[in-house]
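> take a look and give me a structure for this.
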Amino acid sequence: MERRGCTRYQVQLLTPSQQIHLTVSHGDDDETTLLPIVPMLIEVNSRTWSGYGLLDPGSQISMITNTLANELKLEGKRTKVKIGTYHGCDPTANTTKASFKIYSRDKRSSFNIPVCYVVPTLKLRNDDIDLKRVVKDCPHLAGLKVPARKSVDVEVLIGSCDMTPQEILEIRKDPLNERAPRGLRTAFGWYIAGPISPSAINTQLHCNSLSLSFSADQDLADAINRFLLIETYEARIGVKAPVGKEELRAIKILNDTTKFVGGRYESGLLWKSDEQNLPDNSGSVLNRFFKLERRLVADKNLGQRYATNILILDMPENCLLKNQ
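I've put the predicted structure just below:
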């Protein structure tokens, strides 16, 4: 994990071409961090889903759970992504890049999510929190109509690659305490984010799916997860398959001789070698000719029809049409 001047842990997401940081909440004995979780709708493929999503400007990608993607029949390009955490033994998982549109509950606002990674799960620990007590303890949040939020399942994470849905339309903060929770209004409505007192939550604090306490069997559990969730192949990335001389020669002939002529492509014959020793088949050609001649002599009717067709083909108008 990295801690670059802030007190929040960061989980690294790695792909072959880029390194991605995903900010998550954490807690200690003095306070816990409330995540920006908002209600939203997804409509795609004549299917509608209503649930909760996490607005995470610390993530460079957007993600959706595999369960929800299957429910919405989402399809997209298959790819691989490596989700890194503090222990550094993270597997590379197969995933899909999907796209869809999200809506606010009242459908007054909608946003396109062009690229969203399908992941097995989003294990965000979201316990019962007495939001009304939080509002009561913070005068700057007075007047906000918030429900006594219960734990909800987060199925979608909107990262910084999709900033428009995360745009803050209004903010309420304590002018005398920068550590106080803030009320933020987006197109999805009001939510409260930031540090809150642990007294508002009656459960063990977690860093998302990563427990801060070490388990002696963690290595075994990780090995089993890699075995069950990841397709492994005895192959190495970046190693080119061997190519034979004949295949290289065929590729060169295609590259050198292929051209576009008369509305279509033409290419040279893929000779195995430069010495084209064609067999002499004149004997077999003559044998076929004499066989046909004997057949036409034996069958007068067939011979007459054959001769008539030959005469028709030799007529001047047919020859002119053929030349044209």
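> which helix is the longest one in the protein?
In the chain, taking DSSP state H as the definition, the longest helix is helix 282-298.
> chain center to that helix: distance?
Put simply, helix 282-298 sits 65 Å off its chain's centre (C-alpha atoms, centre = their mean, to the nearest Å).
> show residues contacting that helix.
Outside helix 282-298, the residues that touch it by C-beta atoms under 8 Å, 6 or more residues apart in numbering are 302-303, 306. Just so you know, the C-beta spots here come from the backbone N, C-alpha and C atoms, and that holds for glycine as well.
> and the average pLDDT for the next helix or strand after it is what?
Using DSSP states H and E, the next helix or strand after helix 282-298 towards the C-terminus is helix 300-313. For helix 300-313, mean pLDDT is 87.
> residue 99 belongs to a strand?
Yes: remark: residue 99 belongs to a strand, assigned using DSSP: H, G, I helix; E, B strand; the rest coil.
> how about it: what's its closest non-neighbour residue?
In space, and not counting its chain neighbours, residue 99 is closest to residue 114: 5.1 Å by C-beta to C-beta, 6 or more residues apart in numbering.
> quick check, the one you found in contact with residue 98.
No: the criterion here is C-beta atoms under 8 Å, and residue 114 misses it with residue 98 at 9.6 Å.
> more neighbours, those two?
Comparing residue 114 with residue 98 by neighbour count (other C-beta atoms under 10 Å), the higher total belongs to residue 98, at 22 against 12.
> secondary structure element holding residue 43?
Secondary structure from DSSP H and E places residue 43 in strand 37-44.
> output the contacts of helix 282-298 as JSON lines; include the columns distance to residue 157.
Listed next are these as JSON lines, based on distance: C-beta to C-beta, whole Å:
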{"residue": "302", "distance to residue 157": "80"}
{"residue": "303", "distance to residue 157": "83"}
{"residue": "306", "distance to residue 157": "79"}
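> now those: which count as buried?
Among those, none counts as buried by neighbour count (16 or more other C-beta atoms under 10 Å).
> count of residues packed around residue 292?
Using other C-beta under 10 Å: residue 292 sits among 11 other residues.
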